[in-house]
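Novice: Starting from these lines, generate the structure:
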Amino acid sequence: MKKFRTLLIACAITFGVTSFVNAQSKLAHIASQELVESMPAFKAAKSEIEKLNKTYEAEIRNMVLELQNTMKKYQAEVANKTEEENAKRAQEVQATEKSIGDYRQNALKDLQKKEIDLMKPIYEKARTSIQKVARAQGFNYVLDSTTGTGVLLADGKDLMADVKKDLGI
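Specialist: Have a look, this model is predicted:
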């Protein structure tokens with residue numbers, strides 16, 4: 001009975017070690033950020049976001065320039081106006097400054113929303129392709145080997161070439 005128990009324990013340990021070794025061999029890695037940045041859709045989205053950003057910057061620059069011109073005009077006329085008119089003009093300038101600040105904040109929010117709207121499907125497509133390739137090649141786990149993500153050593157199977165092939169890039 002003791003021999004049977006010992007044999008059973010030895011089999012369990014052997015099975016456990018074999019499973020552990022097999023699990024270790026089913027790891028792969030990919031630099032997901034590099035993959036996403038190489039996708040044409042990412043480059044197009046980045047270009048669209050930069051274009052929108054330049055548009056907002058130009059509008060804000062024009063608003064600020066117009067405010068500066070108005071302020072110069074008001075300062076030149078300050079001696080010829082009553083205190084009441086000058087106070088009204090000062091309030092007008094403050095309201096315009098607040099309006100520019102609000103516009104700048106809304107522009108930033110709009111840019112962030114646009115970036116999320118454009119980038120989310122790209123990241124999802126990359127993730128789906130990584131999963132498809134990893135499953136097809138029998139990998140249970142795929143680590144992100146992008147610099148700064150915590151992977152210190154990436155000697156395992158790199159899926160980059162296979163995933164790029166799947167994506168057609």
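Novice: and the lengthiest helix in the chain, what's its mean pLDDT?
Specialist: Longest helix in the chain by number of residues (criterion: DSSP state H): helix 83-136. Across helix 83-136, pLDDT averages out at 94.
Novice: so how far is that helix from its chain's centroid?
Specialist: Centroid displacement of helix 83-136 relative to its chain, using C-alpha atoms, centre = their mean, to the nearest Å, is 14 Å.
Novice: Against which helices or strands is that helix packed?
Specialist: helix 32-37, helix 40-77, strand 141-144, helix 160-167 (3 or more C-beta pairs under 8 Å, 6 or more residues apart in numbering; DSSP states H and E). (Each C-beta comes from the backbone N, C-alpha and C, glycine too.)
Novice: mind running it again at 10 Å?
Specialist: Helix 83-136 is packed against strand 27-30, helix 32-37, helix 40-77, strand 141-144, helix 160-167, with contacts defined by 3 or more C-beta pairs under 10 Å, 6 or more residues apart in numbering; DSSP states H and E.
Novice: List just the one of the ones you listed that sits closest to E85.
Specialist: helix 40-77 (8.8 Å; C-beta to C-beta).
Novice: tell me the angle the closest one makes with helix 160-167.
Specialist: In terms of direction (axes from the mean of the first three to the mean of the last three C-alpha atoms, to 10 degrees), helix 40-77 departs from helix 160-167 by 90 degrees.
Novice: so how many other residues sit close to K113?
Specialist: Using other C-beta atoms under 10 Å, K113 has 10 other residues around it.
Novice: gap between it and L52?
Specialist: According to C-beta to C-beta, to the nearest Å, K113 and L52 sit 11 Å apart.
Novice: Same question for K81.
Specialist: 41 Å.
Novice: The two: who's more crowded?
Specialist: L52 (16 against 13).
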